[in-house]
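In: Generate coordinates for the sequence data below:
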Amino acid sequence: MGISSALGPAHEIALSSGRVRYHDTGTGSPVVFVHGLLVNADLWRGVVPGLAATGHRCLTPDWPLGSHSIPMPAADLTPTGIADLIGEFLEALDLTDVTIVANDTGGALTQILMTRRPERIGRVVLAAVDCYEIWPQPFTTLLKVAKIPGTIAPLLAPMRWRFMQRLPLGFGWLTKHDLPHEIAESFLRPARRSAAIRADLRRFAATADKGCTLAAAERFAEVDLPVLVVWSTEDKLFPMTLAERLVADLPRATLRTVDNSYTFISEDRPELLTELIVEFTRLHAAP
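Out: Reported below is the predicted structural model:
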């Protein structure tokens with residue numbers, strides 16, 4: 001939904017299987033953000049201004065993962081299909097030497113993208129992401145139940161109340177600090193209100209399983225891209241061993257850790273995440 005003005009003006013782009021809404025601000029080398037399940041571009045509102053100020057063009061799409069505003073009934077919303085959609089987005093805007101910044105489920109999709117369509121990518125930041133056997137997180141129960149028609153709306157209805165949003169079933173294990181209510185509503189309102197958005201989410205849920213991330217991991221040795229792995233020492237969902245495996249398996253990966261945060265590092269520690277991204281892009285700038 002992109003309610004935050006910090007993300008810049010909103011645009012829409014027509015891709016082969018539907019329209020994608022995105023925000024675009026700043027000039028310079030492009031950074032494209034990939035959020036996870038049941039969140040949207042607002043996840044990056046604390047990171048984008050700092051990156052734009054240091055000479056980056058920041059593009060924050062609402063990917064069709066349950067918090068988007070434009071339904072995509074004709075799209076292939078399997079994990080591989082969405083990874084290809086991200087690749088098509090880069091191609092449609094003719095973006096090259098792109099820095100991909102991904103979190104949570106978006107990190108799993110990015111791993112698929114890295115092993116299928118890496119040609120427009122210059123470097124990747126994986127900030128607390130699903131990988132290997134841990135997929136999908138964090139809304140595992142919701143995704144399992146979502147395969148049954150008519151179940152998503154009743155599950156999400158109680159999430160309009162703030163105390164429910166802070167439970168582990170909501171965002172309680174994703175953010176260490178309170179998630180502003182208006183942001184939580186930006187994330188949850190689309191699927192609550194739109195049957196078409198719920199249908200998109202159901203189609204994704206039907207195909208999301210660890211086989212996708214395990215298949216991507218089998219090709220990590222072929223990935224010739226600098227990768228920054230950013231992980232929280234207090235993450236409730238993704239143990240540090242996953243970060244260590246990523247760094248061991250990806251040939252050009254490095255690990256940086258943060259504290260005082262859970263999975264949504266862009267919510268809990270946006271300034272620090274911004275600093276790490278800027279440092280990484282400068283270290284691996286195109287010649």
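In: who's in contact with the spatially most central residue of the chain?
Out: Closest residue to the average C-alpha location of the chain: His35 at 1.8 Å, with C-alpha atoms, centre = their mean. When contacts are counted by C-beta atoms under 8 Å, 6 or more residues apart in numbering, His35 touches 41, 43-44, 63, 65, 67, 102-106. Just so you know, the C-beta spots here come from the backbone N, C-alpha and C atoms, and that holds for glycine as well.
In: run the last query once more with 7 Å
Out: By C-beta atoms under 7 Å, 6 or more residues apart in numbering, His35 lies in contact with 41, 43, 63, 103, 106.
In: Emit the ChimeraX select command for whichever of the residues you listed are buried.
Out: Provided next is the ChimeraX selection string for whichever of those are buried by 16 or more other C-beta atoms under 10 Å:
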select :41,43,63,103,106
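In: how about the strands of the stretch 1-150 of the chain, start to end?
Out: Taking DSSP state E, counting those that start in this stretch, the strands of the stretch 1-150 of the chain run over residues 10-15, 18-25, 29-34, 56-61, 98-104, 121-129.
In: Can you say which of these is nearest to Met114?
Out: Closest approach to Met114 among the strands of the stretch 1-150 of the chain (C-beta to C-beta): strand 121-129, 6.2 Å.
In: same for the closest one, what does it pack against?
Out: strand 98-104, helix 105-116, strand 227-232, helix 270-283 (3 or more C-beta pairs under 7 Å, 6 or more residues apart in numbering; DSSP states H and E).
In: if I look at Tyr22, how far off is Glu12?
Out: For Tyr22, the distance to Glu12 equals 8 Å [C-beta to C-beta, to the nearest Å].
In: Assess the claim that Leu250 and Phe220 are in contact.
Out: Yes - assessed by C-beta atoms under 7 Å, Leu250 is found in contact with Phe220 at 5.1 Å.
In: which one of the contacts of His35 is nearest Leu283?
Out: Using C-beta to C-beta, the contacts of His35 come closest to Leu283 at Asn103, 20.7 Å.
In: the bottom helix or strand of the protein by mean pLDDT?
Out: helix 162-165 (a mean of 55; mean pLDDT, DSSP states H and E).
In: following it, which helix or strand shows up next?
Out: As assigned by DSSP states H and E, the chain's next helix or strand after helix 162-165 is helix 181-193.
In: Quick one: residues contacting the residue lying closest to Phe280 once chain neighbours are set aside.
Out: For Phe280, ignoring the flanking residues on the chain, the nearest one in space by C-beta to C-beta, 6 or more residues apart in numbering is Leu228 at 4.4 Å. Listed by C-beta under 7 Å, 6+ apart, the contact partners of Leu228 are 125, 254, 256, 276, 280.
In: From Arg282, how far off is Leu228?
Out: Leu228 is 12 Å from Arg282, by C-beta to C-beta.
In: Ok, Pro61 next?
Out: 24 Å.
In: Same question for Cys212.
Out: For Cys212 relative to Arg282 (C-beta to C-beta), the value is 32 Å.
In: Can you pick out the residue with more neighbours from the two?
Out: Neighbour totals were compared for Cys212 and Arg282, and Cys212 leads with 21 against 10 (other C-beta atoms under 10 Å).
In: picking up where we left off before, save the strands of the stretch 1-150 of the chain as JSON lines, and put in distance to Ile183 and mean pLDDT too.
Out: Output for these, formatted as JSON lines (distance: least, C-beta to C-beta, whole Å; pLDDT from 0 to 100):
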{"stretch": "strand 10-15", "distance to Ile183": "16", "mean pLDDT": "97"}
{"stretch": "strand 18-25", "distance to Ile183": "15", "mean pLDDT": "98"}
{"stretch": "strand 29-34", "distance to Ile183": "15", "mean pLDDT": "98"}
{"stretch": "strand 56-61", "distance to Ile183": "14", "mean pLDDT": "98"}
{"stretch": "strand 98-104", "distance to Ile183": "14", "mean pLDDT": "98"}
{"stretch": "strand 121-129", "distance to Ile183": "18", "mean pLDDT": "98"}
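In: Columns distance to Ser266 on top of these, output as CSV?
Out: Listed next are the strands of the stretch 1-150 of the chain as CSV, based on distance: least, C-beta to C-beta, whole Å:
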stretch, distance to Ser266
strand 10-15, 19
strand 18-25, 14
strand 29-34, 9
strand 56-61, 11
strand 98-104, 6
strand 121-129, 7
